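Colleague: Need the 3D shape of this:
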Amino acid sequence: MSSLSKTPQTLGIVLLGTLGLLAGIILLNFDARDNPCSKSFVETPQFSVWSCLVSFETALWSIFSVSLWQRLQQFRSHLEKNWLEILLITFLITFLSLFALASTFADKLNVPLYGFWWKTHLLTATGFILALMAGSGIWLAQIALKTSVFREGFSDNQKIRGFLDLRDTLQNFLFTAGTIIGAATLATGALRQATLTWYSTAVVPANCKETGVPDFPPEMVLLYGAYLSAILALTYLPTHGTLAAVGQRLCDELLPMPNFQDAEWGAWVTKRKSLEEMLKLNLTVKQSFETGVAIFAPLVASSISLLLGKT
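Modeller: Below is the predicted model of the structure:
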């Protein structure tokens, strides 16, 4: 189950990231100076900040797309046997996510960037597909935990190794989803700030302000991030519960509890504690924090946007 051999080498990662970065820059600047309003907008420092964040997103997408595809291939047999369950989960995540996307303020901002509608919708669709792949991977990891760890004929070492590999894969999916959604939330806040700042600039051509300054409070970015964090938590927490339950079952099977009065009780306690630490069933503060950061990345990103732009 180990995917270390499939992990792209450093040179490949750098190349993918560079290509993704260039794709983001080219997309946003394509025909961006075709009219005075758009030209005025792209020449602002705030647009440069938003453009850098979006390009950073597309670089991450390029890198994550390869690792996501490779890790999902590990669960092909589980997908074939449980396709209906995965389809329902995918539909639920899509429904909840589309509700958040439909309530975003991108269409309400009257962004003067030429081709803004199709550019942002293309970016949103790409990021959503990758985040959905990571979310589906989290659920597939849960199915694999229930069926693969205690496969008939597995030795004790194979069961432990399988559990640890699935745990690492699950954390990778969680980190990927949290990073994608968090970066998108941060970029959304930067877009809002860039647009409102542009509308309030006196040098903007008068005919570009015919629609008036958009009215969208920064707190909505915070709500957007909190909502996406809730979706990610709802996707991950059931699998985390399965992970803990399977880990405890594995400990019980490998080290059944002796009678308290038996002489081997002390040795059993020591071995049990060592096994639980190996399986990471007793999370340390640091490990709990890392998981929390991944889940609440969208909320953290929206908070940063809120603090950086109070206009």
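Colleague: Would you mind extracting the C-alpha trace of stretch 25-34 into CSV?
Modeller: In CSV, the C-alpha atoms belonging to stretch 25-34 read as follows (Å, rounded to 0.1, in the frame of the first residue of the first chain):
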residue,chain,number,x,y,z
ILE,A,25,-0.5,34.0,-14.7
ILE,A,26,-1.3,33.5,-18.4
LEU,A,27,-5.0,32.8,-17.7
LEU,A,28,-5.6,36.0,-15.6
ASN,A,29,-3.6,38.2,-18.0
PHE,A,30,-5.1,36.9,-21.2
ASP,A,31,-6.7,39.8,-23.0
ALA,A,32,-6.8,41.6,-19.6
ARG,A,33,-5.8,44.9,-21.3
ASP,A,34,-8.3,44.9,-24.0
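Colleague: can you list contacts of it?
Modeller: 38-39, 41-42, 51, 54-55, 58, 113-115, 119, 122-123 (Cβ atoms under 8 Å, 6 or more residues apart in numbering). Just so you know, the C-beta spots here come from the backbone N, C-alpha and C atoms, and that holds for glycine as well.
Colleague: What are the boundaries of the helices in the stretch 201-311 of the chain?
Modeller: Along the stretch 201-311 of the chain, counting by DSSP state H, counting those that start in this stretch, helices occupy 219-254, 265-278, 285-295, 297-308.
Colleague: Poorly predicted segments of the stretch 151-300 of the chain, please.
Modeller: Applying pLDDT under 70 to the stretch 151-300 of the chain flags residues 202-203, 206, 209-217, 283-300.
Colleague: let me fix that: the stretch 1-150 of the chain
Modeller: Applying pLDDT under 70 to the stretch 1-150 of the chain picks out residues 1-8, 99-109.
Colleague: redo that, cut-off 80
Modeller: 1-9, 96-110 (pLDDT under 80).
Colleague: hang on, the earlier thing: narrow the contacts of stretch 25-34 to those that are buried.
Modeller: Ser38, Phe41, Val42, Ser51, Val54, Ser55, Thr58, Leu113, Tyr114, Lys119, Leu123 (16 or more other Cβ atoms under 10 Å).
Colleague: between those, which is closest to Leu237?
Modeller: Set against Leu237, the nearest of the buried ones among the contacts of stretch 25-34 by Cβ to Cβ is Leu123 (28.5 Å).
Colleague: Name the nearest residue to the closest one, sequence neighbours excluded.
Modeller: If the residues on either side of it in the chain are set aside, Leu123 comes closest to Val54, at 6.6 Å by Cβ to Cβ, 6 or more residues apart in numbering.
Colleague: who touches the one you found in this structure?
Modeller: So Val54 contacts Gly24, Leu28, Leu123, Ala187 (Cβ under 8 Å, 6+ apart).
Colleague: Out of these, which sit inside helices?
Modeller: Among these, the ones falling in helices (DSSP state H) are Gly24, Leu28, Leu123, Ala187.
Colleague: tell me the contacts of the last one?
Modeller: For Ala187, the contacting residues are Trp50, Leu53, Val54, Glu57, taking Cβ under 8 Å, 6+ apart as the criterion.
Colleague: Roughly how far does it sit from Leu123?
Modeller: Plainly put, Ala187 is 9 Å away from Leu123 if you go by Cβ to Cβ, to the nearest Å.
Colleague: Could you pull out the residues contacting both of the two?
Modeller: Taking Cβ under 8 Å, 6+ apart as the criterion, Ala187 and Leu123 both touch Val54, Glu57.
Colleague: For the residue nearest to the spatial centre of the chain, give its distance to Leu130.
Modeller: In the chain, the residue lying closest to the centroid (Cα atoms, centre = their mean) is Ala177, at 1.5 Å. Noted for Ala177: a distance of 9 Å to Leu130, by Cβ to Cβ.
Colleague: any shared contact partners between the two?
Modeller: Going by Cβ under 8 Å, 6+ apart, no residue sits against Ala177 while also sitting against Leu130.
Colleague: circling back to that earlier point, which single one of the ones in helices among the contacts of Val54 is nearest to Arg249?
Modeller: Of all the ones in helices among the contacts of Val54, Arg249 sits closest to Ala187, with 42.2 Å by Cβ to Cβ.
Colleague: ok, the residue nearest to Leu123 to Ala263 distance?
Modeller: From Val54 to Ala263 the distance is 65 Å (Cβ to Cβ).
Colleague: ok, now Gly189?
Modeller: Distance, Gly189 to Ala263, using Cβ to Cβ: 63 Å.
Colleague: neighbour count winner among the two?
Modeller: The residue with more neighbours, out of Gly189 and Ala263, is Gly189; 26 against 8, by other Cβ atoms under 10 Å.
Colleague: Let me know the helix or strand that that one is in.
Modeller: Per DSSP states H and E, Gly189 falls inside helix 156-199.
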